[in-house]
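Chemist: Quick one, fold the following:
(one chain, ligands or ions: 1)
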Amino acid sequence: MKKYIFIHGKNASLSRYELQCVFGKHMAVQTDLFSVLEGELTVDQALMDSLGGTIKICEVFDRDPVDVILNEARNEKILFGLSQYGGHERLSDILQGIKKKLKNHGRNARFLNNNYANITSGQLNKSFVLDKGIDLIRCFSKGKEYWGKTIVFQDIDAYSKRDYDKPRRDMKVGMMPPKLAQMMINFARPVPPLTPGPLQGENSDSGFGYAGTTIYDPFCGLGTTLMEGALRGNPVMGSDIKGRLVHSTLENLTWLQKEFQIPTTDNRQPITCFQHDATQPFPEKKFPKNLVVVTEGYLGPPLLRYPNQQQQKDIFDLLHVINFKFFLGLSQIIPKGNRLVMTFPFFRMKEEKVFYPEKYLREYEKAGFTIENDLRSLLYERENQVVGREVLIFDRV
Ligand SMILES: C[S@@+](CC[C@H](N)C(=O)[O-])C[C@H]1O[C@@H](n2cnc3c(N)ncnc32)[C@H](O)[C@@H]1O
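Modeler: This is a model prediction of the structure:
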């Protein structure tokens, strides 16, 4: 059976969970650095582009890596890259060893690694090594060694284009990272719109004619989450308390449809966005039957300094007032069995992390949800940021 290795991004717990949601039991081995999948799989750029937590996908081989390099060499002078995940041997020794063996075969070779560090996506992108040569990985887990060759890697240009070139940006609204949005969408397990289907609900006002699950963000801000949902080809819906942001979201989505190829079956991707206060009852008639909710929610006022205990409590209490009403309303529109995936802020204090209180989360469960993942298990954080995001997955029961 074929094996593939998925190299994780920086937030390993999220990357691992995303792969479990997408591939289920096919995920054979998972470490902090990579996951191994066993099975037949079409590995292409479309798959790569749908995984926010994976930086490259490699096919495992069990031959001598030098033979593989010789076999794949396209030019007289061989170009190769090598990255190591786990393992104790120095990368410099392995690289020099391979170069020497290639020399013994009468071939000159150059490796791409700068300062004997692992190859970055930026280097893969700029060097065209997959066209001109080969990029290898060597991974270790529980005494087992895997060698693989890179088939696809993340398109960093496309991520920065979506992040920085979209027409509406606003640091004050908070910038949801596109990769986190993608992972959260995968946690919600929306059915992709691969085949056109019947109308999704008698009350759907957008005349969908679509099989895919609608992805709804009730705190849509500038529409980052919806952009990532739209990019998969799913129907998307958004709302925000501020009319100005509803317009910004629509502008960003229109730009996305123009700038990126969206894999819709009939070029009629349904997009709906309207002004709504998420603490008020949702206008049920607007929503199709097959709906998942993926949202960043309101994280509280932006913080540059560490909040003291009283400030922490005040922020959590303020959010709880909003979230409690939000969950009550939401239970009326999410179908049973479907998911809500939402971020909650936590404070990254010098000594400890201060999380959104569990007693509040348990109150939301009483509105008809169960929390699917372990509390405090899916964390997204960046160095120098006081506020991190905890991702929670709620099943509507
Ligand atoms: C952190 S931003 C969300 C970012 C967004 N999810 C994205 O993907 O870009 C929070 C948003 O919640 C909105 N908001 C705050 N309170 C709200 C409420 N009661 N109902 C609806 N939206 C609200 C704010 O206007 C803001 O746009």
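Chemist: what's the neighbour count on the residue lying closest to Y216 once chain neighbours are set aside?
Modeler: The spatially closest residue to Y216, leaving aside those adjacent along the chain, is M237, at 4.4 Å (CB to CB, 6 or more residues apart in numbering). Quick note: C-beta positions are derived from backbone N, CA and C, even for glycine. Per other CB atoms under 10 Å, the neighbour tally for M237 reads 23.
Chemist: who touches whatever residue of the stretch 1-150 of the chain ends up closest to the ligand in this structure?
Modeler: The ligand sits closest to G52 of the stretch 1-150 of the chain, with a gap of 12.8 Å, by CB to the nearest ligand atom. Counting by CB atoms under 8 Å, 6 or more residues apart in numbering, G52 touches G9, E18, P178, K179, L180, A181, Q182, M183, N186, E228.
Chemist: where along the stretch 151-300 of the chain do the strands fall?
Modeler: Along the stretch 151-300 of the chain, the segments classed as strands by DSSP state E, counting those that start in this stretch run 214-217, 236-240, 271-275, 291-295.
Chemist: Now tabulate those strands in TSV and tack on distance to K366.
Modeler: Shown next, in TSV, are these (distance: least, CB to CB, whole Å):
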stretch	distance to K366
strand 214-217	22
strand 236-240	24
strand 271-275	28
strand 291-295	18
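Chemist: Pick the most buried one from those.
Modeler: Comparing the strands of the stretch 151-300 of the chain by mean neighbour count (mean count of other CB atoms under 10 Å), strand 214-217 ranks first with a mean of 28.
Chemist: Identify the residue of the stretch 101-250 of the chain closest to the ligand, quick one.
Modeler: Residue of the stretch 101-250 of the chain nearest the ligand, by CB to the nearest ligand atom: G221 (3.0 Å).
Chemist: Could you tell me the model confidence score at the closest residue to that residue other than its chain neighbours?
Modeler: Setting aside the residues directly before and after it, G221 is nearest to V173 in space (CB to CB, 6+ apart), at 4.7 Å. Per-residue confidence (pLDDT) for V173: 71.
Chemist: V173 touches I241, doesn't it?
Modeler: No. Checked against CB atoms under 8 Å, the pair V173 and I241 is beyond contact range at 11.6 Å.
Chemist: The spatially closest residue to L328 that is not a sequence neighbour and G337, how far apart?
Modeler: The spatially closest residue to L328, leaving aside those adjacent along the chain, is A367, at 5.2 Å (CB to CB, 6+ apart). Separation of A367 from G337 (CB to CB, to the nearest Å) stands at 16 Å.
Chemist: quick one: the helices in the stretch 1-150 of the chain?
Modeler: 12-23, 45-49, 65-72, 91-104, 121-127, 129-132 (DSSP state H, counting those that start in this stretch).
Chemist: ok, back up a step: ok, the residue nearest to L328 - how many residues close by?
Modeler: Here the count is done by other CB under 10 Å, and A367 has 17 residues near it.
Chemist: That one and S121, how far apart?
Modeler: Per CB to CB, A367 is found 41 Å from S121.
Chemist: what's the answer for Q96, then?
Modeler: As judged by CB to CB, Q96 and S121 stand 24 Å apart.
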